[in-house]
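Asker: Mind looking at a prediction? Sequence and model below.
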Amino acid sequence: MPISFLRRAIPLGATVVVSALLLSSCATPASDSESEGGELVWSIEGANLSAGHMDPQVSQLDVSGMVQRAVLDSLVFQEDDGSFVPWLAKDWKVSDDSTEYTFMLRDDVTFTDGEPFDAEAVKANFDRIVDPETESAQAASMLGADFYEGTEVVDEYTVKVSFTQPYAPFLQAASTPQLGFYSPAVLAESADQLKAGGPGITVGTGPYELTEYTPDQELVYTSNDDYAWGPHGEKAPKVETLRVEIQPEASVRTGVVQSGEADLASNIPPNLAGDLGDGITVDSIEYPGLPYSLYLNEKYGVFADEKVRQAFARGIDVDAAVEEIFFGQFPRAWSVLGSTTPGYDASLEGTWAFDQDAANALLDEAGWTERDSDGIRMKDGKRLSARWIAWTPVPDDRAALANAIQSDLKGIGFEVVREVLEPGAYNEQYGPKTFDLTDWGFSGVDPDFLRAHLHTDGFQNASQVTDPEIDTLLDQAVASSDQDERNGIYTQLQEWNAEYTAIVPLYSPSAITAVGERVSGLDYDLYGRPLFYDVSVG
């Protein structure tokens, strides 16, 4: 079985930013007799879609943008080399100070409900994203958040997006499904239903139209036969029906590809990727962005002490756990930027290796010198204990990694109590930050995503960092049009975190997709998400 490891690197000189389950019935069989015009079955994790995550303009889950890319087109498209090509915008110009972006739009694009795509549609979508009532976090941040001054309709097919300060990352953000476009009629009449989504609600200009949706089971997309404006000149899709089966268990996803019940499956874990049999290709694309990491909340409990945070990081044998659990397919992370992300500081590799002696010394210095009957360190009558909240569902490999981390830390007298919570219960604690640590990875092409994670006002600042100097660096980076200057700033931020230990990076995941032999013409975006413009089956 061929396994292809596709590492897509963005040139450091490119101006780029952005932005990471219940068992359903088996997929509908994909008949061998199907050919162009038939059906392609795609198996995904995605049960959290039903928890209000069908709208990429609001949701922070990668799966939302992954599936809705079939419906939502963008102004521009980003190529593998980091450059941009026209899409819904046929041309654009950026002011010298990067505060104004003017887009000249195509005049032949329509939404699948018949509404025209024009400058008014762009303004309606962008203004909706930044409206506080929309409660968008990621998309609003990508649209500049407080920097967003407004969108001006210059004429029917010309629109100008303005910012109160230079905002270099905007062109890249404008290439993502998070800043994709819904029909103005939907925004006017049904915007409150977009989180739940469904036929007649999730309406865009894309190559497919959402025609059926059964929460926690499947989404059915039907070809938009009028489509003629793909980023590389693509016309209507060759495959008539794209059936997306929601199958949270990895063993089920691999099983349906092996049996031929599905044509491809996403989010295949490394332990299953190498044993799928003949006729199945496995594509592995390392995510750019913030590696899967632990976020230490310095404003809540024991992590207020920098020595405790440093001891925590040094007390985990990350190399051994990542190598064993992910079968060598995911590299161990050393920085808050993944190795395929522009501005990655390779000099940090090997600088904070596993060292229990160093970890013990740090905890002694911090005053945690006594031990209770369980061997857990004590100070002033309190145990050295941290509570880790995790968002369900948790894949088996991450559960194994968590067990390894807990075991390693127990070896230095550090107790970690892990709570796996349903989304509602998780958010009840995440909002007021009543936890010690939590975990996630975040895909993004430009390091500006660190602003969301480390700025005092960052919407994903789970570590509760409040440092004016860090805020200044992040503000300077987002405002600079000089890529070398930006890279220098992000190097400072990576080195700062390696010492300060607000975030503990663990590994850089890859998007692993298993593809059956009926499929040809499949491509991927920079995040390893499948693109179906030129796909055929048969």
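Answerer: Happy to help now that I have it. Remember, it's a predicted structure, so these values are computed and weren't measured experimentally.

Asker: Confirm Thr222 sits in a strand?
Answerer: Yes: under DSSP: H, G, I helix; E, B strand; the rest coil, Thr222 sits within a strand.

Asker: State the number of residues packed around it.
Answerer: Thr222 has 18 neighbouring residues, counting by other Cβ atoms under 10 Å. (C-beta placed from N, C-alpha, C; glycine too.)

Asker: Could I get the contacting residues of it?
Answerer: For Thr222, the contacting residues are 208-209, 211, 240-242, by Cβ atoms under 8 Å, 6 or more residues apart in numbering.

Asker: What is the neighbour count of the closest residue to Thr501 other than its chain neighbours?
Answerer: Residue nearest to Thr501 in three dimensions, not counting chain neighbours: Arg309, with 4.0 Å by Cβ to Cβ, 6 or more residues apart in numbering. Other residues near Arg309 number 23, with proximity taken as other Cβ under 10 Å.

Asker: And the pLDDT at Arg309?
Answerer: Looking at Arg309, its pLDDT is 98.

Asker: wait, Ser282 sits on Pro269?
Answerer: I think there's a mix-up here, since residue 282 is Val and not Ser. No: the pair Val282 / Pro269 is not scored as a contact, 11.4 Å apart, by Cβ atoms under 8 Å.

Asker: before we move on, back to that, in a markdown table, list the contacts of Thr222 along with secondary structure and neighbour count.
Answerer: As requested, the contacts of Thr222 are exported to a markdown table (DSSP: H, G, I helix; E, B strand; the rest coil; neighbours: other Cβ atoms under 10 Å):
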| residue | secondary structure | neighbour count |
| --- | --- | --- |
| Tyr208 | strand | 25 |
| Glu209 | strand | 24 |
| Thr211 | strand | 16 |
| Glu240 | coil | 17 |
| Thr241 | strand | 19 |
| Leu242 | strand | 25 |
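
Asker: Distance check, Glu79 against Tyr344.
Answerer: 20 Å (Cβ to Cβ, to the nearest Å).

Asker: the more surrounded of these two?
Answerer: Using other Cβ under 10 Å as the criterion, Glu79 and Tyr344 rank with Tyr344 on top: 24 against 16.

Asker: For the closest residue to the more buried one other than its chain neighbours, which three-state class applies?
Answerer: Using Cβ to Cβ, 6+ apart and skipping residues adjacent in sequence, the residue nearest Tyr344 is Leu337, 4.7 Å away. When classified by three-state DSSP, Leu337 comes out as coil.

Asker: Next: Ala400.
Answerer: Assignment for Ala400 (three-state DSSP): helix.

Asker: Ala386 too?
Answerer: Assigned with three-state DSSP, Ala386 falls in the strand class.

Asker: Centroid-wise, who is the farthest residue in the protein?
Answerer: Of all residues in the chain, Ser373 has its C-alpha farthest from the mean position, at 42.6 Å, by Cα atoms, centre = their mean.

Asker: any idea which element that residue lies in?
Answerer: In this assignment (DSSP states H and E), Ser373 forms part of neither any helix nor any strand.

Asker: about what we covered before: shared neighbours of Val282 and Pro269, which are they?
Answerer: Common neighbours of Val282 and Pro269 (Cβ under 8 Å, 6+ apart) are Ile512.

Asker: and Val76, backbone torsions?
Answerer: Dihedral pair for Val76: phi -140, psi 170, per degrees, to the nearest 10.

Asker: Might one say that it is in contact with Leu171?
Answerer: Yes: contact criterion Cβ under 8 Å: Val76 and Leu171 qualify, at 6.4 Å.

Asker: quick one: secondary structure of the nearest residue to Ala366 once chain neighbours are set aside?
Answerer: Closest residue in space to Ala366, ignoring its immediate chain neighbours: Lys307 at 4.2 Å, by Cβ to Cβ, 6+ apart. State at Lys307, reduced to three classes by three-state DSSP: helix.

Asker: so Asn403 sits in a helix?
Answerer: Yes: under three-state DSSP, Asn403 sits within a helix.

Asker: Let me see the confidence value for it.
Answerer: pLDDT at Asn403 comes out at 98.

Asker: Then Asp275?
Answerer: Per-residue pLDDT puts Asp275 at 82.

Asker: Now do it against Ile268, distance only.
Answerer: 11 Å.

Asker: between those two, which one's more packed in?
Answerer: Ile268 (24 against 11).

Asker: Am I right that the more buried one is in contact with Thr513?
Answerer: Yes: under the criterion of Cβ under 8 Å, Ile268 makes contact with Thr513 at 6.8 Å.

Asker: Can you work out which residues contact both of these two?
Answerer: Joint contacts of Ile268 and Thr513 (Cβ under 8 Å, 6+ apart) are Val282.

Asker: which regions of the stretch 251-400 of the chain sit below the pLDDT cut-off?
Answerer: Scanning the stretch 251-400 of the chain for pLDDT under 70 picks out nothing.

Asker: Which stretches in it count as helices?
Answerer: 270-273, 306-314, 318-325, 356-365, 396-410 (DSSP state H, counting those that start in this stretch).

Asker: What residues sit buried inside the first one?
Answerer: Yep, that's helix 270-273 we're talking about. Within helix 270-273, the residues that qualify as buried are 270, 272-273, counting by 16 or more other Cβ atoms under 10 Å.

Asker: just checking, what packs against it?
Answerer: Counting contacts by 3 or more Cβ pairs under 8 Å, 6 or more residues apart in numbering; DSSP states H and E, helix 270-273 is packed against helix 250-259, strand 510-515.

Asker: Show me what the first one is packed against.
Answerer: Helices and strands in packing contact with helix 250-259 are listed as strand 39-44, strand 264-265, helix 270-273, strand 510-515; criterion 3+ Cβ pairs under 8 Å, 6+ apart.

Asker: what does it rub up against?
Answerer: Contacts to helix 250-259, defined as Cβ under 8 Å, 6+ apart, come from residues 23, 26-27, 41, 43-45, 245, 247, 261-269, 272, 276-277, 280, 395-396, 514-516.

Asker: Next: stretch 304-315.
Answerer: With Cβ under 8 Å, 6+ apart as the criterion, stretch 304-315 contacts 296, 298, 302-303, 352-356, 358-360, 362-363, 365-366, 368, 384, 386, 408-409, 411-412, 414, 500-502, 504.

Asker: now those residues: which count as buried?
Answerer: Judged by 16+ other Cβ under 10 Å, buried ones among these: 296, 298, 302-303, 352, 354, 356, 358-360, 362-363, 366, 368, 384, 386, 408-409, 412, 414, 500-502, 504.

Asker: Now do the helices in the stretch 1-150 of the chain.
Answerer: 62-68, 119-130, 138-142.

Asker: what's the closest of those helices to Ala402?
Answerer: helix 62-68 (20.3 Å; Cβ to Cβ).

Asker: Can you tell me which helices and strands that closest one packs against?
Answerer: When contacts are defined as 3+ Cβ pairs under 8 Å, 6+ apart, helix 62-68 sits against strand 39-44.

Asker: Can you check what angle separates the strand it packs on from helix 250-259?
Answerer: Using axes from the mean of the first three to the mean of the last three Cα atoms, to 10 degrees, one finds that strand 39-44 and helix 250-259 are set 150 degrees apart in direction.

Asker: Who's the closest spatial neighbour of Asn48, skipping the chain neighbours?
Answerer: Spatial nearest neighbour of Asn48, excluding adjacent residues (Cβ to Cβ, 6+ apart): Leu61 at 6.0 Å.

Asker: Give me the buried subset of the contacts of helix 250-259.
Answerer: 26-27, 41, 43-45, 245, 247, 261-269, 272, 276, 280, 514-516.

Asker: ok, which stretches of the stretch 401-538 of the chain are helices?
Answerer: 423-430, 449-454, 468-479, 483-500.

Asker: For Asp305, grab the count of nearby residues.
Answerer: For Asp305, the count of nearby residues is 18 (other Cβ under 10 Å).

Asker: Sorry, wrong one. I was asking about Gly233.
Answerer: Under the neighbour criterion other Cβ under 10 Å, Gly233 is assigned a count of 8.

Asker: Local confidence estimate at it?
Answerer: For Gly233, the pLDDT comes out at 94.
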